[in-house]
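Asker: quick check, what structure comes out for this input:
(one chain, ligands or ions: 1)
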Amino acid sequence: MSNESLANLLKEERRFPPPADLATHANVTAAAYEQAAADRLGFWAEQARRLSWATPPTQTLDWSNAPFAKWFADGRLNVAYNCVDRHVENGLGDRVAIHFEGEPGDTRTITYAELQREVSKTANALTELGVRAGDRVAIYLPMVPEAVIAMLACARLGAPHSVVFGGFSADALATRIEDADAQVVITADGGYRRGKPSALKPAVDEAIERVDRVRHVLVVRRTGQEVAWNDSRDVWWHDIVERQSDQHTPEAFDAEHPLFILYTSGTTGKPKGILHTTGGYLTQVSYTHHAVFDLKPETDVFWCTADVGWVTGHSYIAYGPLSNGATQVLYEGTPDTPHQGRWWEIVQKYGVTILYTAPTAIRACMKWGDDIPAKFDLSSLRVLGSVGEPINPEAWMWYRKHIGADATPIVDTWWQTETGAMMLSPLPGVTETKPGSAQMPLPGIAATVVDDDANEVPDGAGGYLVLTEPWPSMLRTIWGDDQRYLDTYWSRFEGKYFAGDGAKKDDDGDIWLLGRVDDVMLVSGHNISTTEVESALVSHPKVAEAAVVGATDPQTTQAICAFVILRGGADESEGLVEELRAHVAKHLGPIAKPKRILPVAELPKTRSGKIMRRLLRDIAENRDLGDVTTLTDSSVMDLIQAKLPSAA
Ligand code: WT7
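Answerer: Sure thing, here's the model as predicted:
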């Protein structure tokens, strides 16, 4: 990335020191950085001791067959025991593990003692269905407690799960069942979405028809809708699970025993089955959840709004919070059902103290208006988290001001399905935060920014984010494809993990994520990050959300083309486009001024909330649209195309 252009970009001067009270009582202080810097492996060995091991490990890292890592290899443990039983044994059986809130408003409160009984019964039921250690189980469920119970039951049996997001099609499900060779599928009749029951079982039936290997389908009754039934294969959860004993003795597994496979689509090729294992994964999700959210399990109420179908739900709904004995909210539905204040109503109702969500959701709330969260009591909140994409500084500021009472620290956590747990983030009791920056590697993590030749860039310069040392929760391989693991992550820079993200270091050496490297534009010889132009647009009071792409241009190689969603109330008046172009030029310099700006009603997003810039590039370059099957709502593209002539 050319440095002179970067120097102009995004001069963010705002700074927010940690609240004094939080800093005084913080779980983790600045000493953790020093300790980890002095002895990285010793630091992780100590974090591993936060868990209960049947056989404590004497080894920490075995990197002799790099980049295939083994962590804590001679240790043995059971993940479900760590997430459930040990809390009950420690006298915390009456603590609420899960406050479930269904979209229609039904609720369920599950204590750790109840969770232990439910997980035990489910493990017994899976055993009756023939599931043994090492067998893969596919989970295709809505956001109901059974999703977490099913994951824990699999972990308890040492049967790796493969959770498939409930919004995915039969096709996507079939591919994943086949690749993981899962013989049991756990699903539901349906779940509630936007006020209506939405069926799941038909997609399972269709997927199974295509991949002839599934012996049993375990079906949760959630909505009560009609389902087709195959007596020799399908079994109701309430029939088989309810009649099991609620006693089950967990067996310890090797630290490197597979815990789960989670598929990540990426931009090209077939989905990659990211493999995570037991001891290192649990160590890092547990430590980061404790450190980055400053979790006090006796008093905090944690809420991660992700779906369990994504890695965020695996690490910060299922395994991180439960391993720490947290009380958490699990919400089934969408943020705007039945009204746009539903999330804030939930925060108020349960007294949520720590909220973890994604920039896309924050921007949606900005668009709906400040008055909506203002109607609720959000004073319980004390730490806010963000994950999934770079958070634009203005969205960060809005989150802090309107959700965090202008006082709450925000932790912008950078990580990936592949990294398993958080890697870069401020610490809420230590770091002076900067809006829009994930800032620095967590204690025990080694990351930096390098140029094309793998040389570390100086402060103030940009390049590629790399991880320079192995970490406990790293992916171990791509399921069934070691070569692809090597090619994808370890071949671009010798000996370093290539994350695929562009990043820059500011003058203090703090790291700013700039989006996927495929999203960097080349304009008249300058590399310009889509993220920075988007952030400049979102910093304009009339813009709620922006997506920027580089479209092929005969004069400038690429021309910047922006799609913007206006804030509630803002008009698409005459001079607005000119005003926005001037605004970007003022913030980032004339080189970053978009050639075209198109106000639109919606942006194309993947089901995990990431903007699909590839499709916008198709539009900007007047091409037929590529594959739209992973879009949340493909009608969005028709709406955008309908607006085109006015912008050309
Ligand atoms: C990609 C990984 C990690 C759980 C959810 C996404 C982007 C993620 C941030 C952040 C800037 C971020 C990166 C990364 N990303 N968090 N805080 N700041 N970018 O998991 O689907 O595997 O996506 O999400 O581009 O590579 P994922």
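
Asker: does the residue nearest the centre of the chain belong to a helix, a strand or coil?
Answerer: In the chain, the centroid-proximal residue (C-alpha atoms, centre = their mean) is T312; its distance is 3.5 Å. What DSSP: H, G, I helix; E, B strand; the rest coil gives for T312 is helix.

Asker: where does D453 fall, phi/psi-wise?
Answerer: Torsion angles at D453 (phi, psi; degrees, to the nearest 10) stand at phi -100, psi 20.

Asker: which residues are in contact with the nearest residue to E534 once chain neighbours are set aside?
Answerer: Spatial nearest neighbour of E534, excluding adjacent residues (C-beta to C-beta, 6 or more residues apart in numbering): A546 at 4.4 Å. For every residue, glycine as well, the C-beta is placed using N, CA and C. When contacts are counted by C-beta atoms under 8 Å, 6 or more residues apart in numbering, A546 touches V533, E534, L537, V538, A562, F563, V564, I565.

Asker: buried sites along stretch 564-572?
Answerer: By 16 or more other C-beta atoms under 10 Å, the buried positions in stretch 564-572 come out as V564, I565, L566, R567, A570.

Asker: can I get the CA coordinates of that stretch in CSV?
Answerer: This file holds the C-alpha atoms of stretch 564-572, laid out as CSV (Å, rounded to 0.1, in the frame of the first residue of the first chain):
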residue,chain,number,x,y,z
VAL,A,564,-25.0,4.9,0.5
ILE,A,565,-28.0,4.4,2.8
LEU,A,566,-29.3,7.6,4.2
ARG,A,567,-30.2,8.1,7.9
GLY,A,568,-33.9,8.0,8.9
GLY,A,569,-35.3,11.4,7.8
ALA,A,570,-32.5,12.4,5.4
ASP,A,571,-33.7,13.4,1.9
GLU,A,572,-32.1,12.5,-1.3
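
Asker: any idea which helix or strand comes after the lengthiest helix in the chain?
Answerer: Looking across the chain with DSSP state H, the single longest helix is helix 112-128. Remark: after helix 112-128, the chain's next helix or strand is strand 137-140, criterion DSSP states H and E.

Asker: I'd say the residue nearest to the centre of the chain and C304 touch.
Answerer: Yes: T312 is within contact range of C304, at 6.4 Å (criterion: C-beta atoms under 8 Å).

Asker: so for these two, which residues contact both of them?
Answerer: Y356.

Asker: and stretch 223-239, average pLDDT?
Answerer: For stretch 223-239, the mean per-residue pLDDT is 97.

Asker: do stretch 96-107 as well
Answerer: 98.

Asker: ditto for stretch 553-566
Answerer: For stretch 553-566, the per-residue pLDDT averages 91.

Asker: ok, stretch 429-437 next?
Answerer: 97.

Asker: for that stretch, measure first residue to last.
Answerer: Start-to-end span of stretch 429-437 (C-alpha to C-alpha, to the nearest Å) is 16 Å.

Asker: for it, buried residues please.
Answerer: Buried residues in stretch 429-437 (16+ other C-beta under 10 Å): G429, V430, T431, T433, K434, P435, G436, S437.

Asker: between the residues you listed, which is nearest Q555?
Answerer: Checking these against Q555 by C-beta to C-beta gives G436 as the nearest, at 30.9 Å.

Asker: burial measure for the residue nearest to V144 when sequence neighbours are not counted, as a count.
Answerer: Nearest residue to V144 in three dimensions, chain neighbours excluded: R222, at 5.8 Å (C-beta to C-beta, 6+ apart). For R222, the count of nearby residues is 22 (other C-beta atoms under 10 Å).

Asker: picking up where we left off before, return the subset of the contacts of A546 lying in helices.
Answerer: V533, E534, L537, V538.

Asker: check the gap between the first one and K11 for me.
Answerer: Relative to K11, V533 is positioned 14 Å away (C-beta to C-beta, to the nearest Å).

Asker: looking at these two, which is more packed in?
Answerer: Remark: of V533 and K11, V533 carries more neighbours, 28 against 9, as counted by other C-beta under 10 Å.
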